[in-house]
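Enquirer: The following comprises the amino acid sequence and a computationally predicted model.
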Amino acid sequence: MKLRDYIGDAKQLGFIHRCKLSEGKMDNVDAAIIQNGGGLNMMVLPGRGMDIPYVYAKGMGLHFSSSTGITAAPYYEKDGVEFLRSFFAGTLTTCGVTFAGHPDEDNGEKLGLHGRISNTPAEDVRVYQDFRDGVLQLAIEGTLKEAKMFGEYVALTRRIETDSQRMGFTLIDTIENRGNIPAPLMIMYHINFGYPLLNPDSKVVSSSGRPAPGNTLAEKPEEMAVWDQFQEPEPGYAERLFFHTFDPATNPVSVELLQDKSRPESSPRVRLEFDPADLPNMVHWKSMQDQQYVVGLEPCNVLPVGRSRLRKEGRLPMLQPEERKTITLRYDFIEG
């Protein structure tokens, strides 16, 4: 007998359900709930940048949720660091696509923290559910636009796919300059982890080896000595940043967060994999503050040192008219 003979519909094993969220600032946000039948439960938000507010693996949350909760796109505040009022963090917040990083001013344009794309609703949203060779295949796709009259027109088409044999997903982004002028390309995948995967016994393992300090606090020798380790929550803890750079000959690169560093071979972990030709760097954001207890492992195409500085130094990536770039990133929970 075939597995298909045991079920009335593939949704008996897993599904993607489109829905609208309700209540508070998340009211009417377009969402999609994904149950893949392999122990993965996650949500994607077409109404908020095709981002991912949560991932559960066999009932354990892998993400960090900030106090803002999910907020609808109209609540976005672009100035300075007011982005943080709609930063739910979650599993993935996308930063970009023409700017990512701390607030800046470039060619007379004021740029707020981490850009606009996370607060952009998707269009042409499509869901795929297919049962092939005993495996349930699930995917959702949508297109985000960052456009301005007499300015840039960049489109990001995102596909997120999983199947019933994985506790993880693959994200495939195709970024296209649909305008008639070159456009900056700065993209950062703000991937966040929280308790219980993140705890004082956790550890980061990276293909990059030892990172460089990314802010003043991280420059201290005692901080660099524990860049890959964590502690108990601490009131008033100020964030540390570490900058990773990957060898382009290592493909794919791998970054892992282990739940228990005392069991380096058998600890439950999340593994990120990607091509360093597309994402040669990673920001490692470490916040051990009480109620803000989170680590962000954030692959990026360029370190967020400021668009104006990158332009001045001739290091600002540009996407030419009609040019496309595809980025693939794998996210997997491994039980150990």
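Expert: Structure's in. What do you need? Numbers count the residues shown, from 1 in each chain.
Enquirer: Check the spacing between residue 65 and residue 277 real quick.
Expert: Going from residue 65 to residue 277 by CB to CB, to the nearest Å gives 33 Å. For the C-beta atoms, the positions are set from N, CA and C on the backbone; glycine is no exception.
Enquirer: the more surrounded of the two?
Expert: Each of residue 65 and residue 277 has its neighbours counted (other CB atoms under 10 Å); residue 65 has more, 17 against 11.
Enquirer: which residue ranges form the strands in the stretch 101-250 of the chain?
Expert: 104-106, 109-111, 123-132, 135-147, 153-163, 168-177, 183-184, 188-193, 203-206, 212-213, 240-245 (DSSP state E, counting those that start in this stretch).
Enquirer: between the ones you listed, which gets nearest to residue 17?
Expert: Among the strands of the stretch 101-250 of the chain, strand 123-132 comes nearest to residue 17, with 9.0 Å by CB to CB.
Enquirer: Now do the buried residues in the closest one.
Expert: Residues of strand 123-132 classed as buried by neighbour count (16 or more other CB atoms under 10 Å): 125, 127, 131.
Enquirer: go on, stretch 191-206?
Expert: 191, 192, 193, 194, 197, 198, 202, 203, 204, 205, 206.
Enquirer: Next, format these as TSV and append pLDDT and distance to residue 51.
Expert: Putting the buried residues of stretch 191-206 into TSV (pLDDT from 0 to 100; distance: CB to CB, whole Å) gives the following:
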residue	pLDDT	distance to residue 51
191	98	11
192	98	11
193	98	15
194	98	16
197	98	19
198	98	19
202	98	23
203	98	26
204	98	22
205	97	25
206	96	23
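Enquirer: Can you say which of the strands of the stretch 101-250 of the chain is nearest to residue 80?
Expert: Closest among the strands of the stretch 101-250 of the chain, once you apply CB to CB, is strand 109-111, at 8.8 Å.
Enquirer: Looks like residue 293 contacts residue 193 (just checking).
Expert: No. Using CB atoms under 8 Å, residue 293 is not in contact with residue 193; the gap is 9.9 Å.
Enquirer: joint contacts of those two?
Expert: residue 64 (CB atoms under 8 Å, 6 or more residues apart in numbering).
Enquirer: Near residue 101, how many other residues are there?
Expert: Residue 101 has 23 neighbouring residues, counting by other CB under 10 Å.
Enquirer: which residues does it contact?
Expert: By CB under 8 Å, 6+ apart, residue 101 lies in contact with 95, 113, 114, 186, 188, 304, 305, 306, 307.
Enquirer: do the same with residue 267
Expert: Listed by CB under 8 Å, 6+ apart, the contact set of residue 267 reads 258, 259, 260, 261, 336.
Enquirer: Could you check how far it is from residue 203?
Expert: For residue 267, the distance to residue 203 - CB to CB - is 8 Å.
Enquirer: Common neighbours of those two, please.
Expert: Common contacts of residue 267 and residue 203 (CB under 8 Å, 6+ apart): 258, 261.
Enquirer: hmm, back to that, ok, of the contacts of residue 101, which come out buried?
Expert: Among these, those scoring as buried are 95, 113, 114, 186, 188, 304, 306, 307 (criterion: 16+ other CB under 10 Å).
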